[in-house]
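Q: predicted model and sequence follow; I will ask about them next.
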Amino acid sequence: MATASLRLDQELVERAAIMAKAFSRSTSKQIEHWVKIGEIMEDNPDLSYEFVRQAIISKAEKEAGKLEIYHFG
């Protein structure tokens, strides 16, 4: 993974650090998380935040091999 140095507003970094601690992430991973959500929301403006959040969780579960078979009816 390539890295780049960016200048970010100090207040944004401080807010990210607080959220990162709450969710056991690094500050940079918290900012990456916000960027991912923002990108998905901009590409899909009709989707709710909760739908996007669940889609991200579902993708992570699939990648971890934690899928369950769903039986209809």
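A: Noted; the coordinates are in hand.
Q: now residue 41. Nearest residue, chain neighbours left out?
A: Take residue 41 and drop its neighbours on the chain: the residue closest to it by CB to CB, 6 or more residues apart in numbering is residue 52, 6.2 Å away. Every residue, glycine included, has its C-beta placed from N, CA and C.
Q: show me what whichever strand or helix holds the one you found is packed up against.
A: According to DSSP states H and E, residue 52 maps onto helix 49-63. Applying 3 or more CB pairs under 8 Å, 6 or more residues apart in numbering; DSSP states H and E, one finds that helix 49-63 contacts helix 27-43.
Q: got the contact list for the residue nearest the centre of the chain?
A: Centroid check for the chain by CA atoms, centre = their mean gives residue 33 as the closest residue, at 3.4 Å. For residue 33, the contacting residues are residue 25, by CB atoms under 8 Å, 6 or more residues apart in numbering.
Q: distance of it relative to residue 68?
A: Distance from residue 33 to residue 68, counting by CB to CB, to the nearest Å: 25 Å.
Q: and if you look at residue 15?
A: Distance from residue 15 to residue 68, by CB to CB: 36 Å.
Q: what do you get for residue 44?
A: Using CB to CB, residue 44 is found at 25 Å from residue 68.
Q: for this structure, where's the lowest mean pLDDT among helices and strands?
A: Here the helix or strand of the chain ranked lowest by mean pLDDT, DSSP states H and E is helix 49-63, holding a mean of 93.
Q: which residues sit against that one?
A: With contacts defined as CB under 8 Å, 6+ apart, helix 49-63 is touched by 36, 37, 40, 41, 44, 67.
Q: redo that, cut-off 7 Å
A: 37, 40, 41, 67 (CB atoms under 7 Å, 6 or more residues apart in numbering).
Q: ok, so of those, who is nearest residue 29?
A: Using CB to CB, residue 37 comes nearest to residue 29 of these, at 12.8 Å.
Q: now do the contacts for the closest one.
A: residue 52.
Q: now do residue 3
A: Residue 3 makes contact with no residue, according to CB under 7 Å, 6+ apart.
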